[in-house]
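Asker: here is my input, please return the structure:
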Amino acid sequence: MAMTADVLEQPVLGSRRLSNFLVAAAVSIGGVGFLLASLSSYLGRDLLPLGHPSALIFVPQGLVMGLYSIAAALLASYLWYVIAVNVGGGSNRFDKEAGVVTISRRGFRKPVNVEIPIKDVKAVKVEVRDGFNSRRRVALRIQGRRDMPLTRVGEPLPLAQLEQDGAELARFLGVNLEGL
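Answerer: Predicted coordinates for the structure are as follows:
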């Protein structure tokens, strides 16, 4: 977090996180395995060191393995694209001097930028909901609009970090902190 007397900038982590890299790698490796199993079935030679995929009958088992490899290749391409673009990454910038809150995120095809006058910010809301569909986030309460979420999507933040971020932002903007 970069903070001066008049500007507070918070970076937001996008899709470049370890869990996404691991899932993309697992799907890629699985897709290659299905492709090799399909080719082994077609050629009659074992191309994989595990099992004996050449013993599979090409129609239907080898053919289905080939279709699985195509599906895995498409899914892996999507996952690697999302990681390369860093979808969801960006920053929250609070500029008292200019009187503007700028929320910037990277989208699939184009960046998403939202500018809100600081005078329209009524409060900083910390939302904690546990259970099946849990949610832990910091949001801005804005006059005449829905709450604007500021935290990243994915792994929930620890409660202490959530409270600290909300309190620091409320203190910087000079508004109330709600939800605790």
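Asker: let me see the ranges of the strands in the protein.
Answerer: Per DSSP state E, the chain carries strands over the ranges 2-3, 7-12, 90-95, 100-106, 111-117, 121-129, 135-142, 148-149, 176-178.
Asker: spatially nearest residue to the residue of the chain positioned farthest from its centre (excluding sequence neighbours)?
Answerer: Relative to the centre of the chain, the most outlying C-alpha is that of residue 44, 42.5 Å out, by C-alpha atoms, centre = their mean. In space, residue 44 comes closest to residue 54 once its chain neighbours are excluded; the distance is 5.2 Å by C-beta to C-beta, 6 or more residues apart in numbering. For every residue, glycine as well, the C-beta is placed using N, CA and C.
Asker: so which bits of the longest helix belonging to the chain are buried?
Answerer: The longest helix of the chain (DSSP state H) is helix 18-43. Neighbour-count burial for helix 18-43, counted by 16 or more other C-beta atoms under 10 Å, picks out 20, 24, 27-28, 31, 33-42.
Asker: about what we covered before: got the contact list for the residue nearest to residue 44?
Answerer: Applying C-beta atoms under 8 Å, 6 or more residues apart in numbering to residue 54 gives the contacts 40, 41, 43, 44, 45, 46.
Asker: which one of these sits closest to residue 85?
Answerer: residue 40 (35.1 Å; C-beta to C-beta).
Asker: which pLDDT value belongs to the closest residue in space to that closest one that isn't next to it in sequence?
Answerer: The spatially closest residue to residue 40, leaving aside those adjacent along the chain, is residue 53, at 3.8 Å (C-beta to C-beta, 6+ apart). pLDDT, residue 53: 92.
Asker: isn't residue 53 up against residue 45?
Answerer: No - contact criterion C-beta atoms under 8 Å: residue 53 and residue 45 do not qualify, at 9.4 Å.
Asker: mean pLDDT per helix and strand in this protein: which one sits at the bottom?
Answerer: strand 2-3 (a mean of 66; mean pLDDT, DSSP states H and E).
Asker: and the furthest pair within the buried residues of helix 18-43?
Answerer: 20 and 42 (33.1 Å).
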